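[1] could you work out the structure for the sequence below:
(chains A, B, C and D)
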2 protein chains.
Amino acid sequence: MPSDTQTPSLPATSFAVLGLLSFRPMSGYDLKLFADRSIGHFYWSPAKSQIYAELRRLKLAELVTEELVEQDSRPDKRVYAITATGRAMLANWVSASSFEQDVFKSTLMLRVFLGRSADPVALINLLQQNLDFENDRLVELRGMEQQCLVSDGDAMFSLLTIRAGIYLTQAAIKWSEESMKALEVHAAATGTGSTEGGKTQ
Amino acid sequence: MPSDTQTPSLPATSFAVLGLLSFRPMSGYDLKLFADRSIGHFYWSPAKSQIYAELRRLKLAELVTEELVEQDSRPDKRVYAITATGRAMLANWVSASSFEQDVFKSTLMLRVFLGRSADPVALINLLQQNLDFENDRLVELRGMEQQCLVSDGDAMFSLLTIRAGIYLTQAAIKWSEESMKALEVHAAATGTGSTEGGKTQ
DNA sequence: GTCGACATGTAACCAGTTACATGATTAA
DNA sequence: TTAATCATGTAACTGGTTACATGTCGAC
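    Predicted coordinates for the structure are as follows:
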């Protein structure tokens, strides 16, 4: 029936915001906090300026309603709630029959690819930084995984995305370790780096 | 010595192009082809319009030189070559002491996170699509890995980035399979999908 | 003569970020 | 009074994409 009455084709970001509002009505401020600690962990966190922009757009498209809530112990705020149309649009987008390619860009990988133009030791340092970072991230994700496991109810979908983060992080850790080893062998073989003289800066 | 005589702070894309030119001089057209089959496999492939734009920028910054090459069997072309300054800038960027966060955005993960708003069966189909895609990709990467292993010389850095792709893809495959299973159990438990009546569209 | 590879670009647009700007309320 | 949290936005910019536009040359 609805076929293409309208397909303004909103970007994924809009659906991210709309999707968060499907959990409960929120203000832009709340949304930013909620986004950072939910989809922020696997996807990304839009800047607050963008969240406010998305809310205006969603309101214009009548996918959410805006209500001015006056508070006495805090500044007034605008609370947004998803509409029936919004829920329908959301369900439609989430259950789409095909999906966009992932976007993945790693300047670390680019640097490694261009490694012949670099000091191997510097590259090893970068990989160590990355390893530390990914290890921390893994601990954090493990904590979140536990929280999901003890909670009941809707936690399943969160759990799945956390698991994605865990597997991806494990892969990154494995890669960093392996690459560091390879570069150490390479540095030793070509005699670059620490064995060499000064060259501090 | 050079400290900060200039740090125009070019984006990673500029260094990607500059880095490719460090292998050999190329035209914009060549660069696009080369990018797609090198950094395109792990990082991303800039649109050709952007490559030409980057070349203009790099030329302006005197990191590359432009030479008009007249051809008789083909249209004339502009061939770009990295300069000494360019090589220095590149080496500096590649061996930086810190690096930018990876950019990773997956609308599939977003959809899974918002899965409670969707038909589980549709979600399972999406995961199956993803699984097929990642499996193909893994085969492709394995092929590239073999090519690196049989070739000698500079192949090491390529090999490392291919391995990154392999580990990441394996993680994605594991996740897709696991998530599909979880969603099937969920669909069966809540009685959504195939057991239900019509609801074709 | 027209198709495909080679070759280079422009214009319009859009998603998204950072920095800036404002202001209420409360607790220290 | 001053800092922190709550709260909402604007302006300027940039990185990047798609669609469009143009043209050479060789092969069929």
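[2] and stretch A:22-32, does that touch DNA strand C?
    No. Judged by C-beta under 7 Å from any atom of the strand, stretch A:22-32 and DNA strand C are separated, with a smallest distance of 9.3 Å. Just so you know, the C-beta spots here come from the backbone N, C-alpha and C atoms, and that holds for glycine as well.
[3] now find how far off-centre stretch A:160-172 is within its chain.
    On the basis of C-alpha atoms, centre = their mean, to the nearest Å, stretch A:160-172 sits 12 Å off its chain's mean C-alpha point.
[4] now tell me which helix or strand of chain A has the poorest mean pLDDT.
    Ranked by mean pLDDT, DSSP states H and E, the weakest helix or strand in chain A is strand A:103-105, scoring a mean of 93.
[5] is DNA strand C within reach of that strand?
    No. Remark: strand A:103-105 sits outside contact range of DNA strand C, by C-beta under 7 Å from any atom of the strand, the gap being at least 8.6 Å.
[6] and that strand, which residues are buried?
    A:Phe104, A:Lys105 (16 or more other C-beta atoms under 10 Å in any protein chain shown).
[7] any idea how far that strand is from the chain center?
    Chain-centre distance of strand A:103-105: 11 Å, with C-alpha atoms, centre = their mean.
[8] now swap in stretch A:123-133 and tell me
    Its chain's C-alpha centre and that of stretch A:123-133 lie 21 Å apart, by C-alpha atoms, centre = their mean.
[9] ok, and what's touching it?
    The contact list for stretch A:123-133 (C-beta atoms under 8 Å, 6 or more residues apart in numbering or on different chains) reads A:108, A:111-112, A:115, A:172-173, A:176-177, A:179-180, A:183-184, A:187, B:94-99.
[10] tell me, how many residues neighbour the nearest residue to A:Asp76 once chain neighbours are set aside?
    Distances taken as C-beta to C-beta, 6 or more residues apart in numbering or on different chains put A:Glu70 closest to A:Asp76, at 4.9 Å, once the chain neighbours are dropped. Neighbourhood size, A:Glu70 [other C-beta atoms under 10 Å in any protein chain shown]: 8.
[11] relative to A:Val79, how far out is A:Glu70?
    According to C-beta to C-beta, to the nearest Å, A:Glu70 stands 11 Å off from A:Val79.
[12] and the strand or helix carrying A:Lys59 with chain B, contact?
    Using DSSP states H and E, A:Lys59 sits within helix A:48-60. No. Under the criterion of C-beta under 8 Å from any C-beta of the partner chain, chain B is not reached by helix A:48-60; the shortest gap measures 13.6 Å.
[13] other SSEs contacting that helix?
    For helix A:48-60, the elements it packs on are helix A:12-21, helix A:28-36, strand A:64-69, strand A:77-82, judged by 3 or more C-beta pairs under 8 Å, 6 or more residues apart in numbering or on different chains; DSSP states H and E.
[14] with mean neighbour count, mean pLDDT and distance to B:Met89 added, can I get these in a markdown table?
    Listed next are those as a markdown table, based on neighbours: other C-beta atoms under 10 Å in any protein chain shown; pLDDT from 0 to 100; distance: least, C-beta to C-beta, whole Å:
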| stretch | mean neighbour count | mean pLDDT | distance to B:Met89 |
| --- | --- | --- | --- |
| helix A:12-21 | 24 | 97 | 34 |
| helix A:28-36 | 18 | 97 | 35 |
| strand A:64-69 | 14 | 96 | 47 |
| strand A:77-82 | 19 | 97 | 47 |
